[in-house]
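Novice: Build the 3D model from these lines:
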Amino acid sequence: MRLHRVAPGIAAGIVAPALLLATPSFAAAAAPTAVTVPAVSSSADDPDADDLRAAIVRILTDPDSGRRVTREANALLDANDPEAMRAWLETGYRIAQAEDDRVAITRLLADPDSGRRVTREANALLDANDPEAMRAWLETGYRIAQAADDRVAITRLLAAPDSGRRVTAEVNALLDANDPEAMRAWLETGYRIAQAEDDRVAIARILADPSISPALCAAANAALDDNTPETLRHFLEVGRYQVA
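Specialist: Numbers count the residues shown, from 1 in each chain. Sure, this is the predicted structure:
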């Protein structure tokens, strides 16, 4: 999840939003990336209409801006009312951002891959309903909670009776390195690849049994011929027992 916070402030002669908005697709728990928008200055005491529009456009073009922020930014640019833009950058943006943050956290709760710590902390944040706390958690706390849940998930694989040699070797290497990004990437893609290799080895061992029945032999070969991780896993978990 690339996390961006947008914190616009209008001071004398400057509008300087720093964009950092959170989205719920952690699909990975990547380190937050700060995207700093250069200050927009004006020769007068207050930013002019062009400065205000530029600040809102920068918020709008951030790919991680949420639905309410995007909708309100578009409406402001369409209306082209400097006073409305100024008021939104001073107060309205924070309100819209807080709503988008609540949506992002709610989506994390609905994600079946969210672990126990992420779920617990997300529920506590929604109960407290503190915009600053939600923003801080989406920027840093979520990554920490996700990393803790990932370590638990990976450790459990070591205890799984059907974890093969490659899965076990990669899990031990990940726990030794203790790199949150590497653990997240492995759980999203690497585990499936490692599991498929171990499953192919397990099926090959079934085929090597001289007492194997013709029906089981045919089913095992069909799984190897299909050679998708899902087919291999299904055969080992379900298919071979149905044949038997």
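
Novice: give me the number of residues near the nearest residue to A219 once chain neighbours are set aside?
Specialist: Leaving aside its sequence neighbours, A219 sits nearest to V243 (C-beta to C-beta, 6 or more residues apart in numbering; 4.8 Å). (Each C-beta comes from the backbone N, C-alpha and C, glycine too.) By the measure other C-beta atoms under 10 Å, the count of residues near V243 is 15.

Novice: V243 contacts L216, correct?
Specialist: Yes: V243 is within contact range of L216, at 4.8 Å (criterion: C-beta atoms under 8 Å).

Novice: Return every residue with contacts to both of these two.
Specialist: Applying C-beta atoms under 8 Å, 6 or more residues apart in numbering, one finds that no residue jointly contacts V243 and L216.

Novice: Show me the strands in this structure, by range?
Specialist: Read by DSSP state E, the chain holds these strands, from start to end of the chain: 10-11, 14-15, 18-19, 35-36, 40-41.

Novice: Compare the ones you listed and say which comes out lowest on pLDDT.
Specialist: With a mean of 32, strand 18-19 has the lowest mean pLDDT of the strands of the chain.

Novice: one step back: now for the residue nearest to A219: which residues touch it?
Specialist: Per C-beta under 8 Å, 6+ apart, neighbours of V243: S213, A215, L216, A219.

Novice: Redo those residues as CSV? Include pLDDT and neighbour count.
Specialist: CSV is the format used below for the contacts of V243 (pLDDT from 0 to 100; neighbours: other C-beta atoms under 10 Å):
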residue, pLDDT, neighbour count
S213, 94, 11
A215, 95, 12
L216, 95, 20
A219, 96, 19
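
Novice: Nearest to D50 among these?
Specialist: If you rank the contacts of V243 by distance to D50 using C-beta to C-beta, A219 comes first, at 69.5 Å.

Novice: got a list of what the closest one touches?
Specialist: Contacts of A219 (C-beta under 8 Å, 6+ apart): F235, G239, R240, V243.

Novice: Counting neighbours, which of the residues you listed comes out on top?
Specialist: In the contacts of A219, the most neighbours by other C-beta under 10 Å go to F235, 24 neighbours.

Novice: now the residue lying closest to that residue once chain neighbours are set aside: how far from A215?
Specialist: With sequence-adjacent residues excluded and distances taken as C-beta to C-beta, 6+ apart, F235 is closest to A223, at 3.9 Å. From A223 across to A215, the span is 13 Å (C-beta to C-beta, to the nearest Å).

Novice: Now do stretch 152-164: distance to the chain's middle.
Specialist: Offset of stretch 152-164 from its chain centre (C-alpha atoms, centre = their mean, to the nearest Å): 23 Å.

Novice: err, stretch 95-113, not the other one
Specialist: 11 Å.

Novice: Also stretch 187-197?
Specialist: 18 Å.

Novice: residues of that stretch that come out buried?
Specialist: L187, G190, Y191, A194, Q195, A196 (16 or more other C-beta atoms under 10 Å).

Novice: What of stretch 57-73?
Specialist: R58, I59, L60, D62, D64, S65, G66, R68, V69, T70, E72, A73.
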